[in-house]
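[1] Everything below, folded, please.
(4 chains)
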Protein chains: 2
Amino acid sequence: MDISVDCVIFGFNENSNSLQVLLIEQEKLENIPPLSALPGDFVLEDEDLDDSAKRVLMELTNLSGVFLKQFHVFGDPNRIKEEKDQKWLLKNRKNPHNRVITIGYYSLVRMEDYRAQPASFAQKTEWIDINEIPTLAFDHNRIVKKALKTLRRDTLHNNISFELLPKKFTLAQLQNLYEIILNKELDRRNFRKSIKRLEELISLNEKQKNVFHKPAQLYSFKQNLDEIDI
Amino acid sequence: MDISVDCVIFGFNENSNSLQVLLIEQEKLENIPPLSALPGDFVLEDEDLDDSAKRVLMELTNLSGVFLKQFHVFGDPNRIKEEKDQKWLLKNRKNPHNRVITIGYYSLVRMEDYRAQPASFAQKTEWIDINEIPTLAFDHNRIVKKALKTLRRDTLHNNISFELLPKKFTLAQLQNLYEIILNKELDRRNFRKSIKRLEELISLNEKQKNVFHKPAQLYSFKQNLDEIDI
DNA sequence: ACAAAAGTGTTGGAGATACACCCATGA
DNA sequence: TCATGGGTGTATCTCCAACACTTTTGT
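    Numbers count the residues shown, from 1 in each chain, chains lettered A, B, ... in the order given. Here you go, the predicted model:
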């Protein structure tokens, strides 16, 4: 039995109005079109699981410094037995018939802060809108779905992990992010009232610069403080 | 690398006012006192994870029909390397030095509905008050803690899995359960108001019998309906 | 008739929702 | 001075917390 990790990296930016997911494209084999997949790979013998997720993400997509959060284990004995996945497994795995149990991790990043670069067995990295995800390798569609559900639930309870968020942000950016995650519009005044009630939120002595409108106050979350030069 | 499941079975009854956890006692070795542990064992080659948790629980404690919910994976490479666990491992495991990643499952049962009987490598089964848990084998103290946190969080949001609850109950019993889980008293009228707002709750055409006070209405949750003869 | 637990309503405060106008900046 | 997004307050409603009396049954 093998253990792997799979990373669901959700990306957002100020322009798009839905979340994207970072996918890698598998190697093209014979005449079948290549499948996309989540960045994921085996856990090493002496490696902690969280470290493993970080390493794997780094090796395949060159993203580092991303906070990853474990959310579910996927262990259906048939999860890699589908026809569509057989060729790739035969070519790429030492023991292609071995059962693989995978641990799902997710994260949330501002896309422009992280430039993904394919490496290792990833031929290509791409951000795909969560509403336009094609059939992925293995049970990865299911994994994405579950990750999204977890992210939305946590966000609704303002339980969003601050580690997942940018270090400095304006409230408009934060609201935009909530709207993207929850996929609905929020009232600006009400959003501000509720978010300001969180004691983790602190306002920095700093404003936006070089914008040609009234510059916005910048905020951060307490946990991030030591990483910011105030 | 080996994969196991560990089951945190929380038990309650109407009399006690805190949760109990079902533990098994490991075999006594030489002159060291036996450690208690969560019921847990390896996942079989072709076994689904949820099935595995059920089977392991059954084999060690003879409990069946318990709904188990996955809550976290514990994969610290050193989680079974502590001194206190070495002797038991050497005696009981084919590959005592293999790394073991374990998947935590939890459940919640009315204690009198389930009579645990030790079997396999469990010498004894016992319900221990969650406030009086001794040092357990491996990282099992940590696993219990995390399970409890999950249970409380879900309960607070009324997200408690109905599968975890008895099929028929009075509101007083349900309130008692909430109080045990959350470890605080709740107001009767307020509890009723909030719980009745849940649309999953339905009142049965049935009342308590043979009680020498006003008999209480019985309730159930929708999911359980097909298992009840109305 | 008594003991025991079931059942029920109101009030005050806090958080959620809905909604419109002025402000600071760069061009 | 204009265009752009930043920033703010009030009224209503719904949800949470606190609190005491009546009802139904078995003995």
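[2] Show me what from chain A comes close to DNA strand D.
    By the rule CB under 7 Å from any atom of the strand, the part of chain A lying against DNA strand D is A:170-172, A:188-190, A:192-193, A:207, A:212-217. Any C-beta I mention is one placed from the backbone N, CA and C, and that applies to glycine too.
[3] near DNA strand C too, which of the residues you listed?
    Residues of the residues of chain A next to DNA strand D in contact with DNA strand C (CB under 7 Å from any atom of the strand): A:188, A:189, A:190, A:193, A:212, A:213, A:214, A:215.
[4] Looking at these, state which has the most neighbours.
    Highest neighbour count within these, by other CB atoms under 10 Å in any protein chain shown: residue A:215, with 13 neighbours.
[5] Give me the three-state assignment for that one.
    Here residue A:215 is coil, with the state taken from DSSP: H, G, I helix; E, B strand; the rest coil.
[6] so who does it touch?
    Contact analysis of residue A:215 by CB atoms under 8 Å, 6 or more residues apart in numbering or on different chains lists A:207, A:208, A:209.
[7] Could you export those residues as JSON lines, including secondary structure, neighbour count and pLDDT?
    Shown next, in JSON lines, are those (DSSP: H, G, I helix; E, B strand; the rest coil; neighbours: other CB atoms under 10 Å in any protein chain shown; pLDDT from 0 to 100):
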{"residue": "A:207", "secondary structure": "strand", "neighbour count": "12", "pLDDT": "95"}
{"residue": "A:208", "secondary structure": "coil", "neighbour count": "15", "pLDDT": "93"}
{"residue": "A:209", "secondary structure": "coil", "neighbour count": "7", "pLDDT": "92"}
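[8] Residue A:90 is in contact with residue A:96, isn't it?
    Yes: with contact defined as CB atoms under 8 Å, residue A:90 and residue A:96 form a contacting pair (4.9 Å).
[9] So for these two, which sits in the more crowded spot?
    residue A:96 (14 against 11).
[10] What helix or strand is that one located in?
    Using DSSP states H and E, residue A:96 sits in no helix or strand.
[11] so how many other residues sit close to the closest residue in space to it that isn't next to it in sequence?
    Sequence neighbours aside, residue A:89 is the residue nearest to residue A:96 in space, at 3.9 Å (criterion: CB to CB, 6 or more residues apart in numbering or on different chains). If you count neighbours by other CB under 10 Å, residue A:89 ends up with 18.
[12] residues contacting the residue lying closest to residue A:137 once chain neighbours are set aside?
    Distances taken as CB to CB, 6+ apart place residue A:37 nearest to residue A:137, at 3.8 Å, with adjacent residues excluded. Residues near residue A:37 by CB under 8 Å, 6+ apart: A:23, A:24, A:25, A:26, A:136, A:137, A:138, A:140.
[13] From residue A:88, how far off is residue A:37?
    Distance of residue A:37 to residue A:88, computed by CB to CB, to the nearest Å: 9 Å.
[14] which residues are common contacts for the two?
    A:26, A:137.
[15] Who does residue A:127 form a beta bridge with?
    Assessed by DSSP bridges, residue A:127 has beta-bridge partners residue A:22.
[16] How much space separates residue A:145 from DNA strand D?
    Per CB to the nearest atom of the strand, to the nearest Å, residue A:145 is found 28 Å from DNA strand D.
[17] tally of neighbours for that residue?
    As a burial measure, residue A:145 scores 14 neighbours (other CB under 10 Å).
[18] what about the one helix or strand it maps to, average pLDDT?
    Assessed by DSSP H and E, residue A:145 sits inside helix A:140-156. Averaged across helix A:140-156, the pLDDT comes to 95.
[19] Then stretch A:86-100?
    Rounded mean pLDDT across stretch A:86-100 is 93.
[20] Can you mark which positions in that stretch are buried?
    Buried residues in stretch A:86-100, defined by neighbour count with 16 or more other CB atoms under 10 Å in any protein chain shown: A:87, A:88, A:89, A:99, A:100.
[21] you'd agree the first one is in a helix?
    Okay, so that is residue A:87. Yes: membership of residue A:87 in a helix is supported by three-state DSSP.
[22] quick revisit: against which helices or strands is whichever helix or strand comes after the helix holding residue A:145 packed?
    From helix A:140-156 onward toward the C-terminus, using DSSP H and E, the following helix or strand is helix A:171-182. With contacts defined as 3 or more CB pairs under 8 Å, 6 or more residues apart in numbering or on different chains; DSSP states H and E, the packing partners of helix A:171-182 are strand A:2-12, helix A:140-156, helix A:188-196, strand A:217-221.
[23] before we move on, the earlier item: any chance of the buried residues of stretch A:86-100 in a markdown table with distance to residue B:11 as columns?
    Formatted as a markdown table, the buried residues of stretch A:86-100 follow (distance: CB to CB, whole Å):
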| residue | distance to residue B:11 |
| --- | --- |
| A:87 | 50 |
| A:88 | 46 |
| A:89 | 44 |
| A:99 | 33 |
| A:100 | 35 |
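[24] Just the closest residue of chain A to DNA strand D, please.
    Relative to DNA strand D, the nearest point of chain A is residue A:213 (2.5 Å; CB to the nearest atom of the strand).
[25] That residue: what's it in contact with?
    Counting by CB under 8 Å, 6+ apart, residue A:213 makes contact with nothing.
[26] how does chain A divide into domains?
    A:2-156, A:165-227 (automatic domain parsing).
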